[in-house]
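J.: no sequence on hand, only this structure:
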């Protein structure tokens, strides 16, 4: 599945795994958080970002 | 002058061969070719079937072997780069049946409708994993039939009353009255939500 804007992705950002929603703001790609207490991460040129894949489902235990 | 001579050897003999239904499975059998990779699975199924026939006279469908797929589970910290299942930072592997289905015979799935349980993380169209063997005590999220209508709610007790609690301020709790027909089907153990 291709990681397009709008998808929730797992990516390695400078070696740290993270899950964020891909957004584009202007010309920039942003790793968007979906919690107002967390900030979006704007992907800078010098950042080492590897997208591993698109999150298709979430399983949570009650 | 021709004379028919009945051969003294060969041919069919009445009463010879296996009797119909005399196999260990209690019915007629048939020879088939099976892919080599499936031989263990088929053999396991057959032996299960044989045991069933030996242990009871009622026919029941053999339980299929639960499928098992080990999928890598990654830990949070990784070296940059693309992951490979051979990498050593895989924490472990995970099988969804192991994670979600503790008791196959007591488990069923149901698709959620409505938004009354958003607060518990249950969204419309989510798939709920329900275990009928878990006791439905206060605090658990349960699937119940309320006057014949299936619903998912959290069991609460307010004073002496049992309440089916919604987890969305826009929905009101349902107090279970004496005259209400309530059947609890099981406890929701997991929610599968598609993104």
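T.: Sure thing, it's come through. Remember, predicted model here, so these are calculated numbers, not experimental data.

J.: so, in contact with chain B or not, stretch A:36-47?
T.: No - Stretch A:36-47 is not in contact with chain B by Cβ under 8 Å from any Cβ of the partner chain; minimum separation 10.2 Å. All C-beta spots, glycine's among them, are computed from the backbone N, C-alpha and C.

J.: chain A versus residue B:69, what's the distance?
T.: From residue B:69 over to chain A the distance is 15 Å, taken as Cβ to the nearest Cβ, to the nearest Å.

J.: same thing with residue B:181?
T.: To chain A, residue B:181 is 25 Å away according to Cβ to the nearest Cβ.

J.: now do the phi/psi pair for that residue.
T.: With angles defined as degrees, to the nearest 10, residue B:181 sits at phi -90, psi 100.

J.: and for it, nearest residue in space, chain neighbours not counted?
T.: Nearest residue to residue B:181, sequence neighbours excluded (Cβ to Cβ, 6 or more residues apart in numbering or on different chains): residue B:147, at 5.1 Å.

J.: let me see the contact set for that neighbour.
T.: B:180, B:181, B:182 (Cβ atoms under 8 Å, 6 or more residues apart in numbering or on different chains).

J.: for the residue nearest to the spatial centre of chain A, report the pLDDT, please.
T.: Ranked by distance to the mean C-alpha position of chain A (Cα atoms, centre = their mean), the top residue is residue A:20 at 3.1 Å. The model reports residue A:20 with a pLDDT of 91.

J.: swap in the one 5 residues further on?
T.: In this model, residue A:25 is scored at 86, pLDDT.

J.: could you list the low-confidence segments of the chain?
T.: I went with chain A, as the question did not name one. Applying pLDDT under 70 to chain A picks out no residues at all.

J.: hmm, I had chain B in mind actually
T.: B:1-8, B:11, B:17-21, B:48, B:51-66, B:76-91.

J.: what about 80?
T.: B:1-28, B:44-45, B:47-67, B:75-92 (pLDDT under 80).

J.: what segments of it are helices?
T.: Assigned by DSSP state H, the helices in chain B fall at B:39-55, B:96-100.

J.: can I get those helices in a markdown table with mean neighbour count and distance to chain A?
T.: Below are these laid out as a markdown table (neighbours: other Cβ atoms under 10 Å in any protein chain shown; distance: least, Cβ to the nearest Cβ, whole Å):
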| stretch | mean neighbour count | distance to chain A |
| --- | --- | --- |
| helix B:39-55 | 13 | 27 |
| helix B:96-100 | 14 | 7 |
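
J.: between the ones you listed, which one is nearest to residue A:28?
T.: Between residue A:28 and these, the shortest gap by Cβ to Cβ is with helix B:96-100, which sits at 36.6 Å.

J.: centre of the chain to the closest one, how far?
T.: Distance of helix B:96-100 from the chain centroid (Cα atoms, centre = their mean, to the nearest Å) equals 11 Å.
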